[in-house]
Structures are given as structure tokens and as C-alpha cells.
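J.: coordinates only, sequence not included:
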């Protein structure tokens, strides 16, 4: 919800500053969620250019027409007072509606002005808005900015910038999501620092958010081969939580591209080899043989001692998953070669 409200406020910022448009009907039904859990804004049937009159007949007090479908009319519960009483719809009117929306998300979809399209009830509830039950149930960090958005005077309403900077969004999880979305714009040293620190907060995210939002974003970053040694540990943390079917659908296609890299960094090889038991559990025998085992074979043939040692450690644990003919033709010759070429006693012992 924190991330969603932040996204909607960013959308309004774009509409107001760049498109010069007032949305005019910011209600729960206008907010759409995609498979990643992102909040998108639709419902532009009442959108208008800034400053245009927005009452029922262009001006004056709003009147709900009971002979028309509710879907063809604005919802009075989410409308700003200046729209209802004067027919004036401005950018500030969307801010009032944002306050109603933020409340409705925590209040079973109901606005703090739950007036059932009755202007008289709207006026009465507006007078006692600050003490409404809905606002009383809000999180303390959200109550203050919502009250500032719901100011009856449009000039006194909190700006979108102020809303985004409020303590409600001052949260390590929200900050992590925001940074992940903007990761492509960051310099490499900051990307690495972020990926190194991400495992400390992943455990605090809901599993659904890990699957739908964070995993796809991390897999998008696997195209950056220099970042892979720092990205993959986060990917594998989430993969460990996935069922076999979910892994095959959500993670395997992206990981296959990683496994197929012709000349990966040694650190990338070590990370993959460290998670070989996990990959063995999550893949079926055919996928493990065709897509994962070639990483082990390449590691055994590597010239980097660190990669050689890790590959030798891994082989005994996966030997039962390797076809005997392949074990004989692919693994044994490489292990023998490592034994004969090894100058370190511990590597010879491991090869034996």
C-alpha cells in the first residue's frame, strides 16, 4: 500500500506538471494493479485540462442523477468541496481525492466522506471530517498527511512533493523498492553496494512482493554481467521460497540465460556453484542436465583456482544426478586433469 500510494502520487505529479491534466475521478475503481503489484491509474473518463469547470452542468452545485448509471458519473464520496459546491476542478481537487483514496485503502474501500451521493450528507460529513472514524483508524504516520490533503481550502492542501516526503514513506522497504526501480540510472559502485545490502532487508518483505515485484526486477539486472556476483545471491534467496512450478515459470527462463553465458566472471561461477543443491531441488532431471550441469563442467575446466576448488566440492553432491556416460566422458577427464595439473596438495586430495 505504501508503494502503491507513492506510485499514484507520482502519476498525479506527471499529469499535473507535464500533461497539464486534472484526473477528476480518483477513486479505488480507477486504480489498477498489474502482475508485479504496481499501481496504475486508469479511469480518465472525467479528465480535463487544468482550470476547466467541473460541475454537473459546468458550474454550480453538483447534482447526482439517479436516472443515469453510476459509472457515467463522478463519485461524490471522493470529490473535493470546490468541485461539489462551485464546479471548479483544479490540480488541488485531485489532492483532496488522493486523501480520500489513501483512507479508503485502509477502510474497506470507503471514503471518509461516505455520503452515498447525497450532497446534504456530504456537507455534514465535511464539517466533521477531521474526527471521522475512518481517519481515526489510519496509521499515525499517514493520518497527518491525509488531513493536510483533505483541507477544505484548496490553497492549504499538502503538495504532492510534501506528501512523498512524509514520514509515512520513510521506510527501508519502500526506499529499497524505489532504489531498485531506479537502479539502471545508478553508477556501478552504488549498484554493487545496494545489491550487497539487499539480503539484509529481503526477509522483511512479504513473499508475494518478493515473487511479483522484486524477483522480476532482479532478473532484469542479470543482463549486467559485472553485477551478477552481487545480484544472484538475492535471486537465489527468493528462489528458495518458490515452489518447483513457480520457479520453472518465474525464475528459470531468466536463469537459463545466466547459465548460458560463455565466459562468466569467476565470482559468478562461484555463486552459482554455491547454490547447486538449491538448483538441484528446484529443477527436474532434464533441466538440471541440460541447463545447470554445463556450468559445473565449465567450472571444472576453468583456469581459476577458486572456481576449480568450488567445482570439485560440488561434484560428489550431484554425481547421482549425472548420467553414467556423461559422468565418464565429461566429469572424470576434467577431474583427472585437475589432479595432474594441481600444484596445491589440498586440490589434489579434493580431486581424488
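T.: Great, that's in hand. Predicted model only: the values in this text are computed from it and were never measured. Residues are numbered from 1 along each chain as shown.
J.: please make it C-alpha for all contacts and neighbour counts, starting now.
T.: OK.
J.: so how far is the strand or helix carrying residue 299 off the chain centroid?
T.: Element membership for residue 299 (DSSP states H and E) is helix 293-300. Offset of helix 293-300 from its chain centre (CA atoms, centre = their mean, to the nearest Å): 33 Å.
J.: what's that helix packed up against?
T.: Counting contacts by 3 or more CA pairs under 8 Å, 6 or more residues apart in numbering; DSSP states H and E, helix 293-300 is packed against helix 266-274, helix 305-318, helix 332-341.
J.: got the buried residues for it?
T.: Across helix 293-300, burial judged by 16 or more other CA atoms under 10 Å covers 293, 295-300.
J.: of those residues, just say which sits nearest to residue 92.
T.: Set against residue 92, the nearest of the buried residues of helix 293-300 by CA to CA is residue 295 (57.4 Å).
J.: now that closest one: closest residue in space that isn't a chain neighbour?
T.: residue 259 (6.3 Å; CA to CA, 6 or more residues apart in numbering).
J.: burial of that neighbour, as a residue count?
T.: Residue 259 has 19 neighbours, counted by other CA atoms under 10 Å.
J.: please give me every residue in contact with it.
T.: 291-292, 294-295 (CA atoms under 8 Å, 6 or more residues apart in numbering).
J.: residue 192 - that's part of a helix, no?
T.: Yes - Residue 192: assigned to a helix according to DSSP: H, G, I helix; E, B strand; the rest coil.
J.: list the contacts of it.
T.: Taking CA under 8 Å, 6+ apart, we find residue 192 in contact with 227, 230.
J.: relative to residue 128, how far out is residue 226?
T.: 58 Å (CA to CA, to the nearest Å).
J.: neighbour count for those two, which is higher?
T.: residue 226 (15 against 10).
J.: what's the mean pLDDT across the helix or strand hosting residue 246?
T.: For residue 246, the host element (DSSP H and E) is helix 244-250. Mean per-residue pLDDT for helix 244-250: 96.
J.: just stretch 164-182 next, same as before
T.: So the average pLDDT for stretch 164-182 ends up being 91.
J.: gap between that stretch and the chain center?
T.: With CA atoms, centre = their mean, you get 11 Å for stretch 164-182.
J.: for stretch 2-19, same thing?
T.: 16 Å.
J.: going by neighbour count, which residues of that stretch are buried?
T.: Neighbour-count burial for stretch 2-19 [16+ other CA under 10 Å]: 3-9, 12-13, 15-16.
J.: just curious, which of those is nearest to residue 255?
T.: Distances from residue 255 to the buried residues of stretch 2-19, taken by CA to CA, are shortest for residue 3, at 27.2 Å.
J.: ok, that closest one - contacts?
T.: Contacts of residue 3 by CA under 8 Å, 6+ apart are 38, 174, 177.
J.: which secondary structure element is home to it?
T.: helix 2-14.
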